[in-house]
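J.: no sequence on hand, only this structure:
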Ligand code: M6R
């Protein structure tokens with residue numbers, strides 16, 4: 001939620017900030033702004049809408065000489081997404097950009113108004129600007145003023161700050177929101193994530209909560225919460241500029257679906273040895289011993305991979321698994337046992353709801369495993385045991401390759417916990433290799449049936465996904481993907497449950513996507529499909545090549561390859577992702593940046 005950038009160096013700050021904001025736009029895109037040091041002091045530009053609008057506006061001014069500034073792309077939390085509420089916000093002394101939420105801003109605002117401060121926006125951020133101004137006036141020391149200010153804030157924040165009396169210098173501080181320092185040669189950056197500066201440097205530092213950072217073109221200083229200078233290890237990013245390039249695809253989403261064979265193979269290679277699961281910490285054998293039950297906690301797509309994981313772990317390892325929406329976890333007054341294993345799944349590793357659940361579990365001193373796509377992210381750092389998913393950066397707001405990799409990790413975990421004989425496990429892992437290296441490629445390149453189905457879906461406002469067993473869970477993800485980027489209302493139902501009420505919504509032509517990736521369910525699924533058909537439903541089935549029982553009763557059939565049933569969720573997931581993609585394309589939606597959303601949800 002919101003992307004922030006600070007730059008100081010020898011290049012045009014305006015250009016760097018626009019470039020960086022484009023890279024951070026996945027975090028929010030309802031308004032944008034920047035403040036730049038110029039020969040006449042700080043100049044601030046803001047626009048409603050996308051970073052492109054800000055770029056157009058910036059081109060009207062000749063600000064290219066500026067070598068230092070801060071920028072912001074917003075996902076509104078307080079106040080409408082208009083120009084007034086766009087960041088940066090500031091005072092006579094400073095300008096700031098903020099990612100996060102200040103929970104006590106109303107109380108602070110009242111106090112500040114009584115002291116004579118005049119507010120122009122509806123944001124919580126403006127409160128920080130006024131507080132910092134007052135503290136700086138009183139203490140005449142920027143580090144002390146920042147430290148004092150953040151002590152008064154409740155909530156989460158990553159801030160990038162410039163003071164009018166100190167050109168070429170940017171300050172930053174964070175709590176529970178991401179902030180990295182990009183360390184270059186004669187230039188330095190502060191940003192919400194590496195993608196903002198990876199085109200300029202792969203070296204970075206990761207400040208901790210409460211630490212204040214000061215960057216100039218040649219120096220990076222980090223101060224602890226007591227204001228003392230502290231040393232931070234320099235880290236190197238494994239990402240490259242190419243990871244964040246569209247590489248000729250029209251949308252990141254399509255590029256990322258096409259990356260699935262590569263990243264799934266990478267996952268298999270990194271988590272198996274000689275066709276047996278072998279996780280990074282295998283010498284710590286006790287971690288996976290004596291598990292009573294498993295709690296999977298996550299949000300959105302990551303939670304759906306957890307549902308597929310539940311199916312696999314229960315089926316193969318016979319360990320009971322519950323899957324919980326992270327934002328509801330704390331309200332369930334969770335009853336956990338010391339033998340429980342808690343698994344947090346997150347692409348970004350920064351999702352506030354998942355992080356809050358993890359912290360609650362940590363307070364209970366239980367075993368925590370996180371499955372996270374972003375190395376060094378907060379969730380990864382605060383979990384006892386981490387499995388990194390090597391999906392690489394995911395830019396499209398709709399998660400695709402990360403889902404597939406999370407699902408594969410959970411399948412491997414199910415085998416790891418299964419206690420089945422090695423031959424059985426090796427057979428399953430070989431089948432995963434074969435799907436990933438062979439049939440998945442055919443699924444993503446041979447899309448004629450998917451496109452025909454998408455043309456039909458695009459004409460409707462309501463539709464359903466039905467399935468049994470694991471397909472029921474895959475349907476939830478297919479449905480979310482479709483809603484998210486096409487804005488068509490859809491619901492996923494256990495196929496046998498539809499007749500208990502929801503079938504009343506089926507009318508002539510209502511599309512129903514029937515998933516039958518496991519032939520064991522084909523008899524019962526055929527009956528459920530017939531029930532829907534006799535009420536006028538239009539059936540789009542997703543089933544294996546040989547499954548004539550289902551094809552016969554379908555209006556359109558999308559076949560998934562005749563692989564080992566164990567591996568089929570990987571090909572079925574790609575089908576559902578492409579179905580959502582082509583439907584949204586048909587409707588001319590903004591696929592990579594769907595309305596109202598942001599990639600990384602760092603507010604609760
Ligand atoms: O970064 P996370 O995996 O923790 O994010 C969780 C959800 O916000 C995320 O999966 C969201 O549902 C996606 N936009 C779905 O495509």
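T.: Looks like it arrived, so ask away. Everything quoted here is computed from the prediction, not taken from an experiment. Residues are numbered from 1 along each chain as shown.
J.: domains in this protein, by residue range?
T.: For the chain, the domain assignment from automatic domain parsing gives the residue ranges 3-244, 247-445, 446-604.
J.: now check the second one, is it near the ligand?
T.: Yes. Using C-beta under 6 Å from any ligand atom, we find that domain 247-445 touches the ligand at 299, 300, 301, 302, 346, 347, 348, 351, 354, 397, 398, 399. Any C-beta I mention is one placed from the backbone N, CA and C, and that applies to glycine too.
J.: make CSV out of those and add neighbour count and pLDDT.
T.: Output for these, formatted as CSV (neighbours: other C-beta atoms under 10 Å; pLDDT from 0 to 100):
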residue, neighbour count, pLDDT
299, 22, 97
300, 22, 97
301, 22, 98
302, 25, 98
346, 32, 97
347, 29, 96
348, 26, 93
351, 29, 92
354, 29, 96
397, 22, 94
398, 29, 97
399, 27, 97
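J.: of those residues, which is the nearest to residue 243?
T.: residue 347 (14.2 Å; C-beta to C-beta).
J.: touching, that closest one and residue 398? I think so.
T.: No. Between residue 347 and residue 398 no contact is recorded; they are 11.0 Å apart, counting by C-beta atoms under 8 Å.
J.: give me the distance from stretch 564-584 to the chain's centre.
T.: The chain centroid and the centroid of stretch 564-584 are separated by 19 Å under C-alpha atoms, centre = their mean, to the nearest Å.
J.: any idea which element residue 581 lies in?
T.: Residue 581 belongs to helix 568-586 when elements are defined using DSSP states H and E.
J.: ranges for the helices of the stretch 51-200 of the chain?
T.: 51-59, 105-114, 125-139, 142-151 (DSSP state H, counting those that start in this stretch).
J.: and those helices: which comes nearest the ligand?
T.: Proximity to the ligand (C-beta to the nearest ligand atom) singles out helix 51-59 among the helices of the stretch 51-200 of the chain, at 19.6 Å.
J.: for residue 469, give me its contacts.
T.: With contacts defined as C-beta atoms under 8 Å, 6 or more residues apart in numbering, the neighbours of residue 469 are 311, 518, 520, 521.
J.: ugh, typo on my part, it should be residue 207
T.: Under the criterion of C-beta under 8 Å, 6+ apart, the contact list for residue 207 reads 172, 173, 174, 179, 180, 181, 213, 222, 232.
J.: residue 210 versus the fourth one, what's the distance?
T.: Put plainly, it is residue 179. Remark: distance between residue 179 and residue 210 (C-beta to C-beta, to the nearest Å) = 12 Å.
J.: and the residue in the stretch 451-600 of the chain that the ligand sits nearest to, which of the three is it?
T.: Ranked by C-beta to the nearest ligand atom, the top residue of the stretch 451-600 of the chain for proximity to the ligand is residue 484, at 5.5 Å. For residue 484, the assignment made with DSSP: H, G, I helix; E, B strand; the rest coil gives helix.
J.: picking that back up, export the helices of the stretch 51-200 of the chain as a markdown table, with columns for mean pLDDT.
T.: Conversion of these to a markdown table gives the following (pLDDT from 0 to 100):
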| stretch | mean pLDDT |
| --- | --- |
| helix 51-59 | 92 |
| helix 105-114 | 95 |
| helix 125-139 | 97 |
| helix 142-151 | 96 |
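J.: and the residue in the stretch 1-150 of the chain positioned nearest to the ligand, helix, strand or coil?
T.: Distance from the ligand to each residue of the stretch 1-150 of the chain (C-beta to the nearest ligand atom) is smallest for residue 26, at 9.7 Å. Reducing the assignment to helix, strand or coil with three-state DSSP, the entry for residue 26 is helix.
J.: wait, what's in contact with it?
T.: With the criterion set at C-beta under 8 Å, 6+ apart, residue 26 makes contact with 3, 395, 396, 397, 592, 593, 598, 599, 600.
J.: so which of those residues wins on neighbours?
T.: With neighbours defined as other C-beta atoms under 10 Å, the most crowded of those is residue 3; it has 33 neighbours.
J.: mean neighbour count and distance to residue 274 added to the helices of the stretch 51-200 of the chain, as a markdown table?
T.: Formatted as a markdown table, the entries for these read as follows, by neighbours: other C-beta atoms under 10 Å; distance: least, C-beta to C-beta, whole Å:
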| stretch | mean neighbour count | distance to residue 274 |
| --- | --- | --- |
| helix 51-59 | 18 | 48 |
| helix 105-114 | 15 | 56 |
| helix 125-139 | 22 | 54 |
| helix 142-151 | 20 | 51 |
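J.: those helices: which one's closest to residue 217?
T.: Distances from residue 217 to each of the helices of the stretch 51-200 of the chain were compared using C-beta to C-beta; the minimum, 17.4 Å, belongs to helix 142-151.
J.: report the angle between the closest one and helix 125-139.
T.: Compare the direction of helix 142-151 with that of helix 125-139 by axes from the mean of the first three to the mean of the last three C-alpha atoms, to 10 degrees and you get 130 degrees.
J.: for helix 142-151, which outside residues touch it?
T.: Taking C-beta under 8 Å, 6+ apart as the criterion, the residues outside helix 142-151 that touch it are 128, 131-132, 135-136, 138-139, 157, 161, 163, 166, 171, 173, 175, 210, 212, 214, 223, 225-227.
J.: need the residues that contact the host helix or strand of residue 19.
T.: For residue 19, the host element (DSSP H and E) is helix 13-24. For helix 13-24, contacts defined as C-beta under 8 Å, 6+ apart pick out 3-5, 7, 9, 32, 34, 36-37, 51, 54-55, 58, 63-64, 66-73, 189, 191-193, 195-200, 244.
J.: and the next element down the chain from it?
T.: Beyond helix 13-24 toward the C-terminal end (DSSP H and E), the next one is strand 31-38.
J.: which ones are touching the residue lying closest to residue 379 once chain neighbours are set aside?
T.: In space, not counting the residues next to it along the chain, residue 379 is nearest to residue 349; the distance is 4.2 Å by C-beta to C-beta, 6 or more residues apart in numbering. Taking C-beta under 8 Å, 6+ apart as the definition of contact, the neighbours of residue 349 are 370, 372, 373, 374, 376, 377, 378, 379, 380.
J.: list the backbone torsions phi and psi for the one residue in the stretch 251-400 of the chain that gets nearest to the ligand.
T.: Nearest residue of the stretch 251-400 of the chain to the ligand: residue 300, at 1.9 Å (C-beta to the nearest ligand atom). Dihedral angles of residue 300 (phi, psi; degrees, to the nearest 10) stand at phi 50, psi -130.
J.: list the residues that contact residue 558.
T.: Applying C-beta under 8 Å, 6+ apart, we find residue 558 in contact with 449, 450, 453, 540, 541, 542, 575, 579.
J.: do that again at 7 Å, thanks
T.: Counting by C-beta atoms under 7 Å, 6 or more residues apart in numbering, residue 558 makes contact with 449, 450, 453, 540, 542, 575.
J.: that one - that's part of a strand, no?
T.: Yes. Following the definition three-state DSSP, residue 558 is counted among the residues of a strand.
J.: bridged to it, which residues?
T.: residue 542 (DSSP bridges).
J.: quick check, pLDDT for it.
T.: pLDDT, the model's per-residue confidence, is 96 for residue 558.
J.: how close does it get to residue 466?
T.: Distance from residue 558 to residue 466, by C-beta to C-beta: 14 Å.
J.: low-scoring stretches of the stretch 351-500 of the chain, by residue?
T.: Within the stretch 351-500 of the chain, not a single segment meets pLDDT under 70.
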